[in-house]
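> Fold the following for me, if possible:
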Amino acid sequence: MNLNSMKAVVKKPLYKIYESRILKFLDRERLPEHIGVILDGHRRYSRNERLADYRRAYEVGAEKFFEFLEWTHEFDIHAVTCWLLSKENLERPAEELEPLCDVLGELIERIPAAIADHDIELRFVGSLDQLPPALAAKAKHAAEVTGGGSRRLTLALGYGGRQEIVDATRDVIAKLAAEGLDPEQIVEKVDANMLASHMYNPDVPDPDLVIRTSGEARLSGFLLWQSAYAEFAFVDVLWPEFRHVDFLRALREFTHRDRRFGK
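Numbering: from 1, shown residues only. Purely as a prediction, here's the structure:
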């Protein structure tokens, strides 16, 4: 057993005790209805662990994704949005992008079985037409075979927050122009509510809590419109190392905040 394994064995019971304490004081009446997650840190994890390539890091991150889903089931979180692939990621070199898309395809294929008993509807948002064809096809199939549910799991693929706002604006203008309105009338009609109704996922409530792993303290364009009044938890650990206790701490911090929604 190496040193890191020995440390993990020692820490495990301590984390269990810590988790129990957090749960004891966690106000379940104030839990977020919608959690957004930026799954960041795979490449740094790969370098830290001296892995042969990035694929193994993405595979570890995929397993963590399914663990995370179980944690959200534990608290019956109504909506979860996970940013798996940004629009900018699509510009990465082929040697980085191909293994990532391969692992994402495998992840997507597993989702219908993973959520079958949890009353969840699966959705995808982003520039899906710009994805590699095989990945886009798997996303379309997964969405088709997972029926409706009262809860929402949304996966953002080829997603960019600015692009979402641009797309919503174009949709609104096209709709109003089709109704025969002139430019001045269109300007008068466009407001925040109308734009919100044309975002990618308009019937899902805005996120209450956004979690980003890897220690980066920025949104990088994630749900720019919807996150205006969200609370943020920037977690130091990399996504493949994200633990149940890290999730509980983010929930605890959220329940202790005084949300004012800009007032």
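
> For Asp102, which residues are in contact?
Arg55 (C-beta atoms under 8 Å, 6 or more residues apart in numbering). Yep, even glycine has a C-beta here, placed from its N, CA and C like the rest.

> typed the wrong thing, it's Leu209
Contacts of Leu209 by C-beta under 8 Å, 6+ apart are 32, 34-36, 230-233, 250-251, 254.

> Looking at the residues you listed, which are in helices?
250-251, 254 (DSSP state H).

> Is it possible to get TSV of the contacts of Leu209 that adds pLDDT and distance to His73?
TSV is the format used below for the contacts of Leu209 (pLDDT from 0 to 100; distance: C-beta to C-beta, whole Å):
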residue	pLDDT	distance to His73
Pro32	98	14
His34	98	15
Ile35	98	12
Gly36	98	17
Ala230	98	22
Glu231	97	21
Phe232	98	23
Ala233	98	19
Ala250	97	16
Leu251	97	14
Phe254	97	18
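
> can you give me the helices in the protein?
Using DSSP H, helices in the chain cover 3-24, 42-48, 54-74, 94-115, 133-145, 161-178, 183-189, 192-196, 244-255.

> In TSV, list the ones you listed along with distance to Ala217.
Shown next, in TSV, are the helices of the chain (distance: least, C-beta to C-beta, whole Å):
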stretch	distance to Ala217
helix 3-24	22
helix 42-48	15
helix 54-74	20
helix 94-115	24
helix 133-145	30
helix 161-178	16
helix 183-189	37
helix 192-196	26
helix 244-255	14
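
> mind checking which of these is nearest Gly126?
helix 161-178 (8.1 Å; C-beta to C-beta).

> which residues of this structure score low on pLDDT?
Where the chain drops to pLDDT under 70, the residues are 1-12.

> ok, now how distant is the residue most central in space within it from Lys138?
The centre of the chain sits closest to Cys82, judged by C-alpha atoms, centre = their mean, with a distance of 1.5 Å. Here the distance between Cys82 and Lys138 works out to 16 Å (C-beta to C-beta, to the nearest Å).

> repeat for Arg92
For Arg92 relative to Lys138 (C-beta to C-beta), the value is 19 Å.

> before we move on, back to that, let me know the closest of the contacts of Leu209 to Arg162.
Looking across the contacts of Leu209 and measuring by C-beta to C-beta, the closest to Arg162 is Gly36, at 16.3 Å.

> before we move on, the earlier item: in CSV, list the contacts of Leu209 along with distance to Ala192 and neighbour count.
CSV is the format used below for the contacts of Leu209 (distance: C-beta to C-beta, whole Å; neighbours: other C-beta atoms under 10 Å):
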residue, distance to Ala192, neighbour count
Pro32, 22, 24
His34, 19, 22
Ile35, 23, 27
Gly36, 20, 26
Ala230, 16, 21
Glu231, 21, 17
Phe232, 21, 18
Ala233, 26, 20
Ala250, 28, 22
Leu251, 29, 25
Phe254, 25, 22
